[in-house]
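Participant: I'll drop the sequence and a predicted model, then ask my questions.
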Amino acid sequence: MTRVAATLILLLSMLAHAQNASPWRFEAGVSAGQPTPVMIEAGIGYKALTLHLEGLGIHKGENDFWCGFRGGFDWTFFRELPFRVDLGVGGGYEFAEAPNKMHQALNKANGAMYLYPYNYKESLDVSAEMRIHLFGFFTQIAYPIYYFMKHDEPAILWRAGYLAEF
């Protein structure tokens, strides 16, 4: 039964891609990755050029939050197929603060603030990126070319998620 359902979903997805004759594409979805854990994704494309925007943030309390915003222009290869590849350039800003219990305990034991009671990460970059899509599911790898601002910045950025195309 699951094979029949999977085959039906695969055929319907291929049919939906085949009927999309408009040069315009609109995408919406969600992704998980690094350095920002979760992002809401949106994209608009005309023929082979696509603009991707993504971002989200969460605030849990003082010195316990994260946020990130990224965007990029990509050139899409194999657009008419369910499998496609996007290559382009992007950029983004990520910031996160998290409590450091060891630093807080050390400050409390000494009765003064010798260390920040939190850890933080921050980056602002321009990067070369590649996305690989298969029936809406995608993976993204980006290599930062230049950092405008950095503190505990990652060497490689990655994301995985799902984008529905309209």
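Facilitator: Good, I have the coordinates. No experiment lies behind these values; they were computed from the predicted model shown.

Participant: M102 in helix, strand or coil?
Facilitator: helix (DSSP: H, G, I helix; E, B strand; the rest coil).

Participant: would you quantify the distance from it to K108?
Facilitator: Using Cβ to Cβ, to the nearest Å, M102 is found at 11 Å from K108. Yep, even glycine has a C-beta here, placed from its N, CA and C like the rest.

Participant: next helix or strand past the helix or strand of the chain with the lowest mean pLDDT?
Facilitator: Between all helices and strands in the chain, the lowest mean by mean pLDDT, DSSP states H and E belongs to helix 2-19, at a mean of 56. Counting by DSSP states H and E, the next helix or strand C-terminal to helix 2-19 is strand 24-34.

Participant: for that following strand, packing partners?
Facilitator: strand 38-46, strand 49-61, strand 137-151, strand 157-165 (3 or more Cβ pairs under 8 Å, 6 or more residues apart in numbering; DSSP states H and E).

Participant: now these in JSON lines, with distance to T76?
Facilitator: Below are the helices and strands packed on strand 24-34 laid out as JSON lines (distance: least, Cβ to Cβ, whole Å):
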{"stretch": "strand 38-46", "distance to T76": "7"}
{"stretch": "strand 49-61", "distance to T76": "6"}
{"stretch": "strand 137-151", "distance to T76": "12"}
{"stretch": "strand 157-165", "distance to T76": "11"}
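
Participant: out of those, which gets nearest to S127?
Facilitator: With Cβ to Cβ as the measure, strand 137-151 is the member of these nearest S127 (4.1 Å).

Participant: give me the beta-bridge partners of the nearest residue to F69 once chain neighbours are set aside?
Facilitator: Excluding its sequence neighbours, the residue lying closest to F69 (Cβ to Cβ, 6 or more residues apart in numbering) is G55, at 3.9 Å. With DSSP bridges applied, G55 shows beta-bridge pairing to I40, F69.

Participant: next: T76.
Facilitator: The partner residues for T76, given DSSP bridges, come to D86.

Participant: contacting residues around it?
Facilitator: Residues in contact with T76 (Cβ atoms under 8 Å, 6 or more residues apart in numbering) are 45, 48-50, 84-86.

Participant: likewise Y114?
Facilitator: Counting by Cβ under 8 Å, 6+ apart, Y114 has contacts 106-107.
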